[in-house]
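>>> Using only what follows, build the 3D model:
(one chain, ligands or ions: 1)
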Amino acid sequence: MTANPTTSGPLLAIRDLRIGFGARTQVHIGELDVRAGEIVGLAGESGAGKSLTGLSVLGLSQRSGATVTGSITLDGVELVGAPEARLRRLRGGTMALIPQNPSSAFNPVLRVGTTVRRALRLHGDSRATARRRAVEAVTKVRLEEQHLERYPHQLSGGQLQRVAIALGLALGARLLIADEPTSALDVTVQDEICGLLRSLRDDEGVSALFVSHDLAVLGSTCDRIAVMRDGRILEDRPAVDLVTAPHHDYTRELLAAVPRLRGGSDA
Ligand SMILES: Nc1ncnc2c1ncn2[C@@H]1O[C@H](COP(=O)(O)OP(=O)(O)OP(=O)(O)O)[C@@H](O)[C@H]1O
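Residues are numbered from 1 along each chain as shown. The predicted model follows:
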């Protein structure tokens with residue numbers, strides 16, 4: 001997989017990030033970058049600190065009482081300690097959360113297109129522009145205009161996840177924070193969503209921080225993978241290298257738990 005990094009600095013740069021609750025530091029990341037046009041995986045078992053990291057990039061972990069120090073820059077703009085108004089602008093613009101359960105992003109009594117168009121109008125689009133950009137965005141995620149006229153329950157989980165991604169793209173997201181975006185989906189649909197993320201990277205230059213406990217999913221989707229345990233990054237390397245020649249015993253254990261990366265052999 002070929003990333004398409006810009007010659008300038010990374011789109012997302014995390015430095016000496018500490019996330020804690022009370023006196024306890026749950027996450028300490030020395031350095032983690034996501035370049036433009038790059039998908040970076042965050043792997044690790046439950047409790048490793050993956051979601052807290054993603055939520056802190058979005059400026060959302062503080063809402064659950066976390067203390068965040070260090071530096072997270074998005075396109076050179078500091079997010080740690082940034083005023084809520086700036087974070088809100090960036091969350092609805094440069095970066096977007098792709099949640100595990102896409103139905104949480106949609107009002108069940110509204111057609112999904114209404115949600116997408118309303119979000120665009122809130123960001124200043126005229127009615128006509130919002131309509132056009134909503135259609136453009138669903139086309140990018142390989143859905144049709146008619147899908148916008150459906151209610152959330154009339155779409156499959158995979159289709160709804162595509163609309164959630166389309167919503168982020170329509171708002172101009174260049175960085176997707178995807179937190180277990182495929183774990184509620186069956187394997188075939190998982191593969192489709194991962195394929196979509198790769199094509200958005202290749203065709204649109206979109207970047208992603210892809211949180212998952214599943215190294216098979218990350219290995220087939222990401223350019224780089226950072227393996228986390230107990231809030232620390234153990235290794236951060238090109239995905240192909242990491243899954244074929246892990247440096248760390250813990251990564252080997254994670255890989256051993258994934259049948260699809262053992263050449264399909266479960267024996
Ligand atoms: N609001 C909170 N208050 C106190 N501790 C928290 C809070 N949120 C998370 N933690 C703790 O921080 C650690 C990291 O949690 P996090 O949700 O980031 O893990 P994760 O790697 O995403 O795991 P999972 O895959 O289960 O979501 C865990 O020990 C968790 O219990």
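
>>> Now do the contacts for the residue nearest to residue 65 when sequence neighbours are not counted.
Ranked by Cβ to Cβ, 6 or more residues apart in numbering and with sequence neighbours excluded, the top spatial neighbour of residue 65 is residue 21, at 6.0 Å. Every residue, glycine included, has its C-beta placed from N, CA and C. Shown in contact with residue 21 (Cβ atoms under 8 Å, 6 or more residues apart in numbering): 65, 66, 67.

>>> Quick one, grab the pLDDT at residue 21.
Looking at residue 21, its pLDDT reads 95.

>>> cool, and residue 259?
Confidence at residue 259, expressed as pLDDT, is 66.

>>> Likewise for the one 5 residues further on?
The pLDDT attached to residue 264 in the predicted structure is 42.

>>> Then residue 267?
For residue 267, pLDDT reads 33.

>>> Kindly report the same for residue 1.
Residue 1 is assigned 39 on the pLDDT scale.

>>> now swap in residue 8 and tell me
For residue 8, the predicted pLDDT is 70.

>>> How is it classified with respect to secondary structure?
Three-state call for residue 8 (DSSP: H, G, I helix; E, B strand; the rest coil): coil.

>>> how near is it to the ligand?
Here the distance between residue 8 and the ligand works out to 30 Å (Cβ to the nearest ligand atom, to the nearest Å).

>>> What's the local residue count around that residue?
Per other Cβ atoms under 10 Å, the neighbour tally for residue 8 reads 10.

>>> again with the one 4 residues further on
Neighbourhood size, residue 12 [other Cβ under 10 Å]: 26.

>>> does it really touch residue 176, like I thought?
No. Look at residue 12 against residue 176 with Cβ atoms under 8 Å: they stay out of range, at 10.8 Å.

>>> shared neighbours of the two, anything?
Joint contacts of residue 12 and residue 176 (Cβ under 8 Å, 6+ apart) are 207, 209.
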